[in-house]
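Engineer: Sequence first, predicted coordinates after that:
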Amino acid sequence: MTNNSLPNRPKQFKQLDNEFDIALWLAHYKRILDLATNIRNRMMTRIDKVSDATSISTLSHKPVSKLLKIDQKECKALFLRTRNNSNLLYEELIVRVCKIAKSDHRLGSLIKDVGRWYNTYHYKFHVAAVRLANEFRSTNKSAKEPYDELDGFVFNKVWKQLLQMHLKATDLAKLKKDSETFKKLGVFVYQVIKTILIAQDNNKDPQNAIRKCDEYTINLKILTRLEIVKSLAMRELLDY
């Protein structure tokens, strides 16, 4: 998701790359999060008082994705190729999955739906990856960069554990026969965990560094039921 996808971005968040980063920042500042929640609740209460039943129904968000039955599995599989998406990529995926035109008025709501899904994927992936990094450190207390012991740790089914939600969205039988893809997904997880360990050593947030690990997966042909994800021209649709 690019910076331009966040409307009316406050200057305080100029250094944060997407909605997930902002949400993660807020999670560390509960006082500000609680304040924002209280303000939001007051705003919604005010709207409820001045609106009749008809206008209230227009304010509620009815997920267009359900109406069009967008296949979230395609989005999960896309996460195996890249985690740093642009609205252009979301748009291309939605158009192909839902078989609608780019001029369709429902496209905007669908992009928001997919963006929310991706923020969830980001969060779960980040938390699980940090947990694995901490697990490695606890069992290899003397390990230091370049972390030679990490190879055996990651490739002992650990990388499949981290990506299990997304692997279930693929045509797993075909994917298992693609040794190159399997190997690169393992290398990707290896790099992510190593990046987290190095960031921890230097007291830095690993989020920005993890983004660079996309290079290991962006060219993969991830097989799905609809086989849409594997055909997306990733570099043309991303801000690389």
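Structural biologist: Cool, the structure landed.

Engineer: Tell me where this structure has helices.
Structural biologist: 19-27, 30-50, 53-59, 64-68, 72-78, 87-98, 107-139, 150-154, 158-162, 164-167, 172-177, 179-201, 207-211, 234-237 (DSSP state H).

Engineer: of all those helices, which lies closest to Leu220?
Structural biologist: Checking the helices of the chain against Leu220 by CB to CB gives helix 179-201 as the closest, at 5.2 Å. Heads up, the C-betas are built off the backbone N, CA and C, glycines and all.

Engineer: Could you list every helix and strand in contact with that closest one?
Structural biologist: Where contact means 3 or more CB pairs under 8 Å, 6 or more residues apart in numbering; DSSP states H and E, helix 179-201 is packed against helix 107-139, helix 150-154, helix 158-162, helix 172-177, helix 207-211.

Engineer: returning to what we had before: comparing the helices of the chain by mean pLDDT, which bottoms out?
Structural biologist: Among those, helix 53-59 has the lowest mean pLDDT, at a mean of 40.

Engineer: before we move on, the earlier item: for the helices of the chain, please prepare JSON lines with the additional fields mean neighbour count and distance to Ile228.
Structural biologist: What follows is the helices of the chain, written out as JSON lines (neighbours: other CB atoms under 10 Å; distance: least, CB to CB, whole Å):
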{"stretch": "helix 19-27", "mean neighbour count": "16", "distance to Ile228": "23"}
{"stretch": "helix 30-50", "mean neighbour count": "10", "distance to Ile228": "36"}
{"stretch": "helix 53-59", "mean neighbour count": "9", "distance to Ile228": "33"}
{"stretch": "helix 64-68", "mean neighbour count": "17", "distance to Ile228": "14"}
{"stretch": "helix 72-78", "mean neighbour count": "22", "distance to Ile228": "6"}
{"stretch": "helix 87-98", "mean neighbour count": "20", "distance to Ile228": "5"}
{"stretch": "helix 107-139", "mean neighbour count": "17", "distance to Ile228": "13"}
{"stretch": "helix 150-154", "mean neighbour count": "17", "distance to Ile228": "29"}
{"stretch": "helix 158-162", "mean neighbour count": "18", "distance to Ile228": "23"}
{"stretch": "helix 164-167", "mean neighbour count": "16", "distance to Ile228": "15"}
{"stretch": "helix 172-177", "mean neighbour count": "12", "distance to Ile228": "15"}
{"stretch": "helix 179-201", "mean neighbour count": "18", "distance to Ile228": "16"}
{"stretch": "helix 207-211", "mean neighbour count": "17", "distance to Ile228": "24"}
{"stretch": "helix 234-237", "mean neighbour count": "14", "distance to Ile228": "12"}
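
Engineer: Turn those into JSON lines, including distance to Thr217.
Structural biologist: As requested, the helices of the chain are exported to JSON lines (distance: least, CB to CB, whole Å):
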{"stretch": "helix 19-27", "distance to Thr217": "18"}
{"stretch": "helix 30-50", "distance to Thr217": "32"}
{"stretch": "helix 53-59", "distance to Thr217": "39"}
{"stretch": "helix 64-68", "distance to Thr217": "25"}
{"stretch": "helix 72-78", "distance to Thr217": "10"}
{"stretch": "helix 87-98", "distance to Thr217": "14"}
{"stretch": "helix 107-139", "distance to Thr217": "12"}
{"stretch": "helix 150-154", "distance to Thr217": "15"}
{"stretch": "helix 158-162", "distance to Thr217": "12"}
{"stretch": "helix 164-167", "distance to Thr217": "11"}
{"stretch": "helix 172-177", "distance to Thr217": "13"}
{"stretch": "helix 179-201", "distance to Thr217": "5"}
{"stretch": "helix 207-211", "distance to Thr217": "12"}
{"stretch": "helix 234-237", "distance to Thr217": "9"}
